[in-house]
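*Asks:* sequence first, predicted coordinates after that:
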Amino acid sequence: MSEASKQQQSPLLKLALDLGPLILFFAAFKFGDIFKATAVFMAASLVSLGIGYARTRKISPMPLVTAIIVVVFGGLTLYLKNDTFIKMKPTVLYAIFGAILLGGLAFNRLFIKAVFAQAFELDETGWRKLTWRWGFFAFALAALNEIIWRNFSTNIWVDFKVWAIIPLIMLFALAQTPLVMKHEIGKKDEA
């Protein structure tokens with residue numbers, strides 16, 4: 001494998017590594033229970049992280065933080081035989097991402113660039129607006145997860161986690177297209 005191909009993952013492989021553990025969690029839950037699904041989710045998250053590292057020789061911060069939280073909250077779930085921890089995991093994860101993004105703004109740091117810099121390059125105003133939007137969206141997802149897991153069955157929560165969160169994130173990302181187009185450096189320079 002050439003050095004250039006190690007640096008970049010194909011978008012399909014990246015998508016598979018990002019969504020694979022969640023899909024395996026869903027399948028394991030449907031054919032087992034929340035505890036089997038949690039064990040599968042933990043293992044799949046670590047395998048996904050390892051494959052990503054083997055392909056690029058680096059670990060991106062977002063998958064690393066996600067894997068750590070999955071292992072910690074999944075481990076608590078299995079050790080204590082209490083599914084509350086795995087249900088809280090998305091809340092904690094989204095709240096951490098929201099806090100990192102919005103907290104970074106207080107120190108004039110645009111951490112959102114680490115996530116999207118390979119996809120596009122924005123001017124400073126665009127990065128700031130995108131950071132605000134994704135930060136608040138992350139907190140909204142955290143609140144939504146809290147509402148669902150505290151008020152509905154585990155079955156509904158698992159379905160929500162797989163079939164509602166992913167589309168919500170994709171729709172939100174698509175809704176940012178006008179902002180990205182308006183502030184993208186390459187596009188503005190050509191106009």
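*Replies:* Yep, it's here. The structure displayed is predicted, hence computed values, not measured ones.

*Asks:* what is the least confident helix or strand in this structure?
*Replies:* Least confident helix or strand of the chain, by mean pLDDT, DSSP states H and E, is helix 3-7 with a mean of 45.

*Asks:* in the longest helix anywhere in the chain, what's buried?
*Replies:* For the chain, the helix with the greatest residue count under DSSP state H is helix 124-151. Going by neighbour count (16 or more other CB atoms under 10 Å), the buried part of helix 124-151 is 126-131, 133-135, 137-139, 141-142, 144-146, 148-149. Where C-beta positions appear, they are placed from N, C-alpha and C, glycine not excepted.

*Asks:* what packs against that helix?
*Replies:* Where contact means 3 or more CB pairs under 8 Å, 6 or more residues apart in numbering; DSSP states H and E, helix 124-151 is packed against helix 84-106, helix 112-116, helix 154-163, helix 165-175, helix 177-183.

*Asks:* low-confidence ranges, the protein, go.
*Replies:* 1-9, 187-191 (pLDDT under 70).

*Asks:* circling back to that earlier point, the longest helix of the chain to helix 84-106, inter-axis angle?
*Replies:* On the basis of axes from the mean of the first three to the mean of the last three CA atoms, to 10 degrees, helix 124-151 is oriented at 160 degrees to helix 84-106.

*Asks:* show me how far helix 124-151 is from its chain's centre.
*Replies:* 12 Å (CA atoms, centre = their mean, to the nearest Å).

*Asks:* and Ala39, how many residues sit next to it?
*Replies:* 17 (other CB atoms under 10 Å).

*Asks:* and the gap between it and Met88?
*Replies:* Separation of Ala39 from Met88 (CB to CB, to the nearest Å): 17 Å.

*Asks:* same check, this time on Trp134
*Replies:* For Trp134, the distance to Met88 - CB to CB - is 21 Å.

*Asks:* again with Leu24
*Replies:* Taken as CB to CB, the span from Leu24 to Met88 is 20 Å.

*Asks:* ok so, going back, which of the helices and strands packed on helix 124-151 sits closest to Tyr53?
*Replies:* With CB to CB as the criterion, Tyr53 lies closest to helix 112-116 of these, at 16.3 Å.

*Asks:* neighbouring contacts of stretch 147-161?
*Replies:* For stretch 147-161, the surrounding residues in contact (CB atoms under 8 Å, 6 or more residues apart in numbering) are Leu22, Phe25, Phe26, Phe29, Ile34, Ala37, Asp83, Lys87, Met88, Pro90, Thr91, Asn145.

*Asks:* buried among these? Make that a PyMOL selection.
*Replies:* To isolate the buried members of those in PyMOL, using 16+ other CB under 10 Å:
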select buried, resi 22+25+26+29+34+37+83+87+88+90+91+145
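
*Asks:* ok, of the contacts of stretch 147-161, which one's closest to Leu76?
*Replies:* Met88 (9.1 Å).

*Asks:* all set now, cheers.
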